[in-house]
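*Asks:* Here is a sequence together with a model predicted from it:
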Amino acid sequence: MIFTKDFFKGLFIVIGVLLVAMILATFAISSTDGNSMYPTLKDGDTLLINTTVEPKDGDIIILDTADMEGWENKSKQIVKRYYAEYSTDGYYVLGDNAEHSYDSRYCGEIDKERLIGVAVCNLSKDNILDILKAIITGIFHF
């Protein structure tokens with residue numbers, strides 16, 4: 001069988017569609033609201049998050065706090081740093097800017113089913129190579 005130009009064109013289209021589907025199934029975008037993670041993140045930073053991995057100690061995670069009992073902050077999602085050593089059956093999270101952070105010091109651990117994802121890069125400041133590395137690593141779990 002001789003591979004024609006049209007064959008390779010079709011192959012590249014199929015590969016492209018599969019990669020886009022894998023990216024959409026693995027990642028989401030979130031943004032910060034406030035300065036609780038300053039200086040690591042600032043208000044309005046846009047984050048690429050992996051929705052398919054479990055967080056490791058020290059990861060920045062995004063949690064759904066909508067309708068959460070005992071949660072006094074108005075934000076529907078929070079971006080905080082995960083501390084595994086203080087967690088038992090949920091996520092113990094703290095903001096990097098303790099003076100401006102409503103976090104587990106006040107409300108305790110947050111249930112694991114509220115995890116949205118793990119931040120893999122800051123789209124507001126990371127360069128394209130860091131973003132591509134985060135995407136490739138996230139898709140293939142290197």
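*Replies:* Here it is on my side, so go on.
*Asks:* Could you use CA atoms for every contact and neighbour count after this?
*Replies:* Fine.
*Asks:* quick one: the helices in this protein?
*Replies:* With helices called from DSSP state H, the chain shows them at 5-26, 104-107, 128-140.
*Asks:* To M68, which of these lies closest?
*Replies:* helix 104-107 (10.2 Å; C-alpha to C-alpha).
*Asks:* Run a quick neighbour tally on the nearest residue to K42 once chain neighbours are set aside.
*Replies:* Using C-alpha to C-alpha, 6 or more residues apart in numbering and skipping residues adjacent in sequence, the residue nearest K42 is N35, 5.4 Å away. Per other C-alpha atoms under 10 Å, the neighbour tally for N35 reads 19.
*Asks:* ok, so what distance separates N35 from L41?
*Replies:* As judged by C-alpha to C-alpha, to the nearest Å, N35 and L41 stand 7 Å apart.
*Asks:* likewise I78?
*Replies:* Per C-alpha to C-alpha, I78 is found 12 Å from L41.
*Asks:* now swap in E113 and tell me
*Replies:* Distance from E113 to L41, by C-alpha to C-alpha: 24 Å.
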